[in-house]
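Enquirer: here is my input, please return the structure:
(2 chains)
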Amino acid sequence: MTRDRYGFLLLLHAEWTKFRTVRGWVTGTVAAALLVVLFAVLAGIGGGDGGPDVPVGPDGGPVTDSFYLVHRPLTGDGSVTAAVSAPRSSLPRGLADLRPGRVPWSKAGLIIKAGTRQGSPYAAIMLTGGHGVRMQDGYTRDTAGPAGAAPRWLRLDRSGEEVTGLASADGTHWTRVGTVRVRGLGTTVLGGPFVASPPAVRGMGTSGSVSTAVFEDLHAEGGWADGKWKGEQVGPRSPTFSGYPRNVAGSVAEEGGRLTVTGAGDIAPAVRASLPTGGTLGEILTGAFAALVAVVVIGTQFITSEYRGSLIHLTLAAAPRRGRVLAAKAIVLWTVTFAAGLVGAAVAVPVGGRLARASGVYVFPVAFATELRVVAGIAALLATASVLALAVGAVLRHGAGAVSAVVVGIVLPYVLVAIPFMPAGVSNWAARVTPAAAFAVQQTLVPYDQVASVYTPYEGYYPLPPWAGLGVLAGYAAAALAVAAVLLHRRDA
Amino acid sequence: MRAALHAEWTKLRTVAAPRWLLLGAIAATAALGAGAAWAAASVDGGATTVPSLIGVRLGQAPVAVLGVLVIGGEYGTGMIRATLAATPRRTAVLAAKAVVLTGAVAPAGAVAVLGSAAAERLILPAADGPTPRAIGGSVLYLVLIALLGLGVAAIVRDAASGAGAVLALLYLLPVLTRAIGGPRWLQRIGPAGPDGPWTGLGVTAGWAAAALLVGGLLLHVRDA
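Expert: Numbers count the residues shown, from 1 in each chain, chains lettered A, B, ... in the order given. Down below sits the predicted model:
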């Protein structure tokens, strides 16, 4: 071992000794970990208001499965064809006043579904308000069809578990949009026209809409049961369906072979705006904010207290290469804070999640690997924030100023994006360039192209991928450390 | 008391930090207010309502830090011993600090809030703009936040911890209580108030008074 490296190990040991022998810092670090756990427990037992179960799709994720279905049973193989007009949508303005509006993902088309139970498997071909012909299945899969103007002839062809969607501009020349294998469809299924009309994004929120479409030339071939087409609202009461606007209901009317169908709702994966009662890991880990302030105070004091007590003279006399003193402090601080944060988050996530589920809150499901990423990410966030505080403390040599700068720099952008009025552009910008970007590590929700919604940090959707967000904070910490090293070198202590 | 006031005023006016913090509070309040109004105007023609005087949420941070520094800084440098030797009546020291702090924050806060209101009116002429009552309330709110900082720093006797504690009260309590979702009263007890500065003013005043009371009591009882 070279003398140099041995010297650095001694330096690390010296800084570790300083840290562990100040009772306030040790208590503060332990308290930070406990705060993470405490708030997870409080969030867990806060509880929900019960209510109906959240519908769950074939792959276990929460779904919206509420729409107006006009159906007949189909046993075995068969197909259904119709000429579908583009859905016309209406949005409420004020109380009980519907005005025509644009709902890009309103859907009118044909569906084959295992049953009317919410979350049951299906495949559908549809004409949308603003995205042309689509074929969708399994709630999350979406395929674009040929472009062109409405009306469109659509056909759904079922053969065993395979469902093929076709589209045509004239009813004679058909284009295949897709063939999908729908598991668990069963022998007898329901099929026919449907209309769905998801909430439209308006400003910073969403508001319910309703859409109407006309189906002409409807005919069914194969094993369809005889009888009339029967209209029914699938999933009328559901946590993922906010219901119809006032004074409107789903309906079907027949007149001279034309079916006019009105419906609301959606067939899609649930997102935060459509399942507002759902909890996320980020909410269970809210205690990280409290812990953040504690570790920032400790990180700052780790250097500013040396100036106050003039211990810095002794420290720098013992280790004249000042940059290495700073590096040793940063390493010790990062490691200790990371360990404390890791323990806190590793206890908080399973405990908080279990308590929340036990008290009737639906928690958005996450893979185990994601859970690990969130736990390690929160620990890294706390550790990196404390190093940033150390560096800012070394630059300012002033405890209160450094604490305020770091807390305001990290927490205030988060508080600002947490104001629901904040325009999406502004909050996404804040969650991209400020140190608060690091909160992306707790993201567990996935945005979907085929679901128009409010994807803002407030709703739990961050513009940066998890580790990139943490990288932004690490960048700030590294820059601050570099400035601190230069100033420490230049200035008299 | 008069001498104590004069001493505190001299201390406040001859150091650079208070001036910068107050200027920072003015700039932050006006800048965030203007930024939010501009963002709302550019998104959908001003149809979105921006909470009026939102800039106060940023401007309160430097004001709180100033409150913390007025006594926390003295503990850091050991100056507090000289102060208490000169004015043995400790509650008088704290009272003088509170008065001087109020005198400094009130005019700066008025400039900050009026600047923010003017910026909002310029950018969003269609909006109603803040009422005189809201403007007055926001200035009072900033004063109370400074006093809260003073009280908390007198309790913890350290500038860094004091700043951490006050900022946690201001920014974290709303986030935490909302996440817990618990009883409604819990969401109303934070010093930053439930829906903006004006409505929660009574609560803010309660916090400031409690912090000053406890701080004064501890200052009286403990050795410095």
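Enquirer: could you give me the buried positions within stretch A:189-202?
Expert: For stretch A:189-202, the buried set under the neighbour-count rule, 16 or more other CB atoms under 10 Å in any protein chain shown, comprises A:189-201. C-beta: built from backbone N, CA, C; applies to glycine.
Enquirer: include secondary structure and distance to chain B when you put the residues you listed into TSV, please.
Expert: Conversion of the buried residues of stretch A:189-202 to TSV gives the following (DSSP: H, G, I helix; E, B strand; the rest coil; distance: CB to the nearest CB, whole Å):
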residue	secondary structure	distance to chain B
A:189	strand	41
A:190	strand	39
A:191	strand	41
A:192	strand	39
A:193	strand	35
A:194	strand	32
A:195	strand	28
A:196	strand	26
A:197	strand	22
A:198	coil	20
A:199	coil	17
A:200	strand	14
A:201	strand	11
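Enquirer: who's in contact with residue 34?
Expert: In the absence of a named chain, chain A is used. With contact taken as CB atoms under 8 Å, 6 or more residues apart in numbering or on different chains, residue A:34 is in contact with residue A:344.
Enquirer: not quite, go with chain B.
Expert: With the criterion set at CB under 8 Å, 6+ apart, residue B:34 makes contact with B:55, B:116, B:119-120, B:123.
Enquirer: leaving out sequence neighbours, find the closest residue to whichever residue of chain B sits closest to chain A.
Expert: Across chain B, the shortest distance to chain A (CB to the nearest CB) belongs to residue B:160, at 3.0 Å. Spatially, and ignoring its direct neighbours in sequence, residue B:160 is nearest to residue A:399 (3.0 Å; CB to CB, 6 or more residues apart in numbering or on different chains).
Enquirer: now residue A:258
Expert: Spatially, and ignoring its direct neighbours in sequence, residue A:258 is nearest to residue A:216 (5.2 Å; CB to CB, 6+ apart).
Enquirer: ok, residue A:11 next?
Expert: Leaving out its chain neighbours, the residue that sits closest to residue A:11 by CB to CB, 6+ apart is residue A:328, at 4.2 Å.
Enquirer: and residue A:248, which of the three is it?
Expert: coil (DSSP: H, G, I helix; E, B strand; the rest coil).
Enquirer: show me where chain B has helices.
Expert: When assigned using DSSP state H, the helices of chain B occupy the ranges B:2-13, B:16-44, B:56-77, B:79-86, B:90-123, B:132-156, B:159-167, B:173-180, B:184-188, B:201-221.
Enquirer: what residues sit buried inside the longest one?
Expert: When you say that, I think you mean helix B:90-123. For helix B:90-123, the buried set under the neighbour-count rule, 16+ other CB under 10 Å, comprises B:90, B:93-98, B:100-101, B:104-105, B:108-117, B:119-120, B:123.
Enquirer: near the residue nearest to residue B:160, how many other residues are there?
Expert: Residue A:399: 30 surrounding residues under other CB atoms under 10 Å in any protein chain shown.
Enquirer: distance of it from residue A:456?
Expert: 34 Å (CB to CB, to the nearest Å).
Enquirer: do the same with residue B:217
Expert: 45 Å.
Enquirer: please look at residue A:454 and residue A:274 and confirm they touch.
Expert: No - at 10.3 Å, residue A:454 does not count as touching residue A:274 under the criterion of CB atoms under 8 Å.
Enquirer: count of neighbours near residue 78?
Expert: Assuming you mean chain A. Applying other CB under 10 Å, we find 19 residues neighbouring residue A:78.
Enquirer: my bad, chain B
Expert: Taking other CB under 10 Å as the criterion, the count of residues near residue B:78 is 10.
Enquirer: one step back: what sits against the residue nearest to residue B:160?
Expert: Residue A:399 makes contacts with A:300-301, A:304-305, A:308, A:393, B:72, B:76, B:158-161, B:163, as judged by CB under 8 Å, 6+ apart.
Enquirer: also residue B:145?
Expert: Taking CB under 8 Å, 6+ apart as the contact definition, residue B:145 lies against B:60, B:63-64, B:67, B:166, B:170, B:191, B:204, B:208.
Enquirer: got CSV for the residues you listed, with pLDDT and distance to chain A too?
Expert: Below are these laid out as CSV (pLDDT from 0 to 100; distance: CB to the nearest CB, whole Å):
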residue, pLDDT, distance to chain A
B:60, 90, 10
B:63, 93, 11
B:64, 92, 8
B:67, 93, 10
B:166, 90, 9
B:170, 84, 9
B:191, 67, 14
B:204, 85, 17
B:208, 90, 18
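Enquirer: quick check, pLDDT for the residue most central in space within chain B.
Expert: Nearest to the centroid of the C-alpha atoms of chain B, with distances taken as CA atoms, centre = their mean, sits residue B:145, at 2.8 Å. Turning to residue B:145, the model gives it a pLDDT of 93.
Enquirer: distance-wise, check it relative to residue B:208.
Expert: Applying CB to CB to residue B:145 and residue B:208 gives a distance of 7 Å.
Enquirer: can I assume residue A:348 is in contact with residue A:283?
Expert: No - with contacts counted by CB under 8 Å, residue A:348 stays clear of residue A:283, the gap being 11.3 Å.
Enquirer: so which of those two has more stuff around it?
Expert: residue A:348 (30 against 24).
Enquirer: give the residue spans of chain B that score low on pLDDT.
Expert: Within chain B, the segments meeting pLDDT under 70 span B:42-52, B:126-129, B:175-200.
Enquirer: next up, phi/psi of residue A:122, please.
Expert: Its backbone dihedrals place residue A:122 at phi -160, psi 170, with angles given as degrees, to the nearest 10.
Enquirer: same check, this time on residue A:110
Expert: Backbone dihedrals for residue A:110, given as degrees, to the nearest 10, come out at phi -120, psi 140.
Enquirer: tell me how far stretch B:114-133 lies from the chain's centre.
Expert: 21 Å (CA atoms, centre = their mean, to the nearest Å).
Enquirer: can you narrow the buried residues of helix B:90-123 to ones near chain A?
Expert: Among these, not one lies near chain A by CB under 8 Å from any CB of the partner chain.
Enquirer: residue A:71 is in contact with residue A:225, correct?
Expert: No - applying CB under 8 Å as the test, residue A:225 and residue A:71 come out as separate, 10.0 Å apart.
Enquirer: more neighbours: these two, which one.
Expert: Remark: of residue A:225 and residue A:71, residue A:71 carries more neighbours, 22 against 10, as counted by other CB under 10 Å.
Enquirer: relative to residue A:228, how far out is the more buried one?
Expert: Separation of residue A:71 from residue A:228 (CB to CB): 10 Å.
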